[in-house]
Each structure stands twice: as structure tokens, then as C-alpha cells.
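Q: Need a 3D model of the sequence below.
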Amino acid sequence: MVPKNCFLTKGVGVHKDRLASFELALREAQIEKYNLVTVSSILPPNCKLVAREEGIKQLPAGEIVHCVLARNDTNEPHRLVSAAVGTAVPVNENNYGYISEHHTFGEDESTAGEYAEDLAATMLATTLGIEFDADCAWHEREQVYKTSGHIIDTTHYCQTAYGDKDGKWTTVIAAMVFVE
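A: I've put the predicted structure just below:
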């Protein structure tokens, strides 16, 4: 079974119980009604990114759904948490791409998101044999990757939140969800 479509989603939840906080984040992301199975980092060949609403229409409640899920939580007041997924799509859509997940503390949306995007792009670049300087900044490597003629697109999707001021659990998620 190779997914033909996928969609990005994210959410945040706050509750006194850690599990309930996660559930609320899933609800905000609109994926709480599925049995989620996390998978690793491969974007299948010819898998098209669709709008969340379009992907959800194709999934009945209770379905076992595969996803790449980034998740983080805290019960420390005012602590910044983030969860991000990054993607890298090859020019030749018959080849596979990469999805990365990144979960961290203290990074804003841009920093965490770009890190996840960089991870996915670097994984794809190494499999395609693209030569690059690993010590260069992401924006420099991004240009090398895209001008190589092998990587058509990279992107990221990130959710951040500050820990609840009263110490309730705060959970953030970001996911690439596959539709069979």
C-alpha cells in the first residue's frame, strides 16, 4: 500500500492531564478520530500534497492512518515548545522524497520549521549525490539543492506554543498524514 495523497496539519492542546492535552492538539489538527500509526521519513513517489480538508474527506472515522508525527509537550509555565515537519520533493516525481520531524524547546516557529526543512532536504540531497558544504547556513545549502536540478521543492509546517501559565500540560503537534 503506497499512499497517493498526503496533507499537512498541526495543532495545540492545553489540559491538566498530559494525554488529554495531546487529544486536544489532535482535535485542533482534525486528526483525533483516526488510529494514527507513525512511520519514518519517506515521501512516496508520486504522492501529491492536498489540502487538509480534501484529505480528511477521504478518511472515515476509526481508520488506521499512517503519518509522520512531530510531538512535544511541557507543563512548565511559559516554556516555548515546538513541533515541525519538513519535506523535500525530488524533481523526478517517480523517485521518493523525504519528510523529517523535529521537536524542540526554545525555538520559534521559523527556526524550528527551517531546521525540519533542512533535515529533509539534506537527507534527500545525500541520497541523490548532491555535493554541498554541511557547514554552510541552511539558506545557502537550499540554493545549492534547488539549483542542482534534483530537488524541486522543500517546505515545513510548524506548531509552537508557550507552556500554560498555570502549569497545565501544553502539547504541540505537526504531521504529514497519508491518504491511501
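Q: Not counting its neighbours along the chain, what's nearest residue 124?
A: Residue nearest to residue 124 in three dimensions, not counting chain neighbours: residue 88, with 4.0 Å by C-beta to C-beta, 6 or more residues apart in numbering. For the C-beta atoms, the positions are set from N, CA and C on the backbone; glycine is no exception.
Q: how about that neighbour, what does it touch?
A: By C-beta atoms under 8 Å, 6 or more residues apart in numbering, residue 88 lies in contact with 43, 97-98, 117, 120-121, 123-125, 145, 151, 153-154.
Q: What separation do you get for residue 155 and residue 86?
A: 7 Å (C-beta to C-beta, to the nearest Å).
Q: give the contact list for the spatially most central residue of the chain.
A: Closest residue to the average C-alpha location of the chain: residue 85 at 2.0 Å, with C-alpha atoms, centre = their mean. Shown in contact with residue 85 (C-beta under 8 Å, 6+ apart): 8, 68, 70, 99-102, 116, 156-158, 174-176.
Q: Just the ones in helices from those, please.
A: Among the contacts of residue 85, the subset assigned to helices under DSSP state H consists of residue 116.
Q: Next, format the contacts of residue 85 as CSV and append distance to residue 49.
A: What follows is the contacts of residue 85, written out as CSV (distance: C-beta to C-beta, whole Å):
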residue, distance to residue 49
8, 7
68, 13
70, 17
99, 11
100, 15
101, 16
102, 19
116, 15
156, 13
157, 10
158, 16
174, 14
175, 13
176, 9
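Q: Which of the contacts of residue 88 are buried? Put it as a ChimeraX command.
A: Entered in ChimeraX, the line below selects the buried ones among those, by 16 or more other C-beta atoms under 10 Å:
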select :43,97,98,117,120,121,123,124,125,145,151,154
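Q: pLDDT-wise, what's the bottom of the contacts of residue 88?
A: Comparing pLDDT over the contacts of residue 88, the lowest score belongs to residue 151 (71).
Q: how close does the closest residue to residue 1 other than its chain neighbours sit to residue 68?
A: Spatially, and ignoring its direct neighbours in sequence, residue 1 is nearest to residue 180 (5.7 Å; C-beta to C-beta, 6+ apart). With the distance defined as C-beta to C-beta, residue 180 ends up 15 Å from residue 68.
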